[in-house]
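1. Here's my sequence, what's the structure:
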Amino acid sequence: MKNLKVGLVQQKCTTNREENIKKSQNSIRECAQNGANLIVLQELHNNIYFCQTEDVNYFDLAETIPGHTSNAIAQTAKECGVVVVASIFERRAAGIYHNTAIVLESNGTIAGTYRKMHIPDDPAYYEKFYFTPGDYEKRGSNFNNEEKGAGFEPIDTSVGRLGVLVCWDQWYPEAARLMALAGAEILIYPTAIGWEKGDTQDEKDRQRNAWIISQRGHAVANGLPVISVNRTGFEADLTGVTDGITFWGNSFVTGSQGEFLFEGTQDKEENNVVEIDMKRSENVRRIWPFLRDRRVDAYSDLLKRYRS
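-> Residues are numbered from 1 along each chain as shown. Next comes the predicted model:
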């Protein structure tokens, strides 16, 4: 596909799962009506970001795949004839839960999943309590437990080969590079990131700019477009342990040289459709052949935790 029209759905979430799902479905419809072929939803879009605290009761929010949310989004993908990247708190088995991106084909079948590999454990982002790191990807329309690879595998769809990663993965150049080396044609990051109430404005600016710069760097280093979709709005910590998070939105798309194709607002719900020239990666990699010039014979120490 030469030109890909991508819909970015940036939304606020509440504790009402059904309302959140319906909002996502209506946003998919709006993006499709505006010409989108591929639509990307934010991380954990069917509920609040519950990882602000450690509470075993939140495991009740997890779902199987296929399951309620994936079936609802798949139905809308089929209705609109679009590919959708969704994000689900997956219950794989008792005691094993994942933060999972799921890709729905335009006919409503499951093209594949990606289970978040890098799991943070920071104040207000206690994800290690909830999520097991990903270990393999399931493929196939019948979701028949076919296993492939060890985490960083692109997902083949009717709109191209998607390098889907999730939030905290976006800080790791290794993840983007492995997706690129496996033939990904675009990097996609469903995200939930924001500021804590006590952060100064200078600190807020530094954090947001670092988030943008890191992902633009992945585009440049790999010669690939990047899509990053973040949630927006304030979400209180319902236990009162922390002061809550203001998610900074700012969903964006870059081209394969890191140039901005679109930047969203920080504090508004919005649906936007952005056109990407998918042929540019070929041309960019010809003038900036970073993959050709890699010294693969000299990188073995990257497998070490630290070089002392």
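2. Which residue ranges of this structure form helices?
-> 17-33, 68-80, 173-181, 201-222, 280-287 (DSSP state H).
3. Name the residues that touch the longest one?
-> Contact partners of helix 201-222, identified using C-beta atoms under 8 Å, 6 or more residues apart in numbering, comprise 170-171, 173, 176-177, 179-180, 187, 189, 193, 195, 199, 224-226, 228, 248, 250, 252, 254-258, 288, 290-291. (Each C-beta comes from the backbone N, C-alpha and C, glycine too.)
4. tell me the angle of that helix relative to helix 173-181?
-> 30 degrees (axes from the mean of the first three to the mean of the last three C-alpha atoms, to 10 degrees).
5. sorry, back to before: among the contacts of helix 201-222, name the buried ones.
-> 170, 176-177, 179-180, 187, 189, 193, 195, 224-226, 228, 248, 250, 252, 254-258 (16 or more other C-beta atoms under 10 Å).
6. Next step: those residues restricted to strands.
-> Judged by DSSP state E, these include 187, 189, 195, 226, 228, 248, 252, 254 as members of strands.
7. residues contacting the fifth one?
-> This means Ser228. 170, 188-189, 191, 215, 251-253.
8. what's the closest residue to Phe89 other than its chain neighbours in contact with, if anything?
-> The shortest distance from Phe89 to any non-neighbouring residue, by C-beta to C-beta, 6 or more residues apart in numbering, is to Ala62 (4.7 Å). For Ala62, the contacting residues are 89-91, 97, by C-beta under 8 Å, 6+ apart.
9. Pretty sure Lys78 sits against Ser106.
-> Yes: using C-beta atoms under 8 Å, Lys78 is in contact with Ser106, at 7.1 Å.
10. Comparing those two, which residue is more hemmed in?
-> Using other C-beta atoms under 10 Å as the criterion, Lys78 and Ser106 rank with Ser106 on top: 19 against 16.
11. Which residues are in contact with that one?
-> Per C-beta under 8 Å, 6+ apart, neighbours of Ser106: 77-78, 80-83, 158.
12. one more time with 6 Å, if that's ok
-> 81-83, 158 (C-beta atoms under 6 Å, 6 or more residues apart in numbering).
13. what does Glu235 give?
-> Per C-beta under 6 Å, 6+ apart, neighbours of Glu235: 48-49, 244-245.
14. before we move on, what about Asp135?
-> Taking C-beta under 6 Å, 6+ apart, one finds nothing in contact with Asp135.
15. For it, give its distance to Leu302.
-> Distance of Asp135 to Leu302, computed by C-beta to C-beta, to the nearest Å: 20 Å.
16. And for Ser302, the neighbour number?
-> One thing to correct before we go on: residue 302 is Leu, not Ser. Using other C-beta under 10 Å, Leu302 is surrounded by 8 other residues.
17. Give me the spatial nearest neighbour of it, chain neighbours excluded.
-> In space, Leu302 is closest to Glu174, 7.3 Å off (C-beta to C-beta, 6+ apart).
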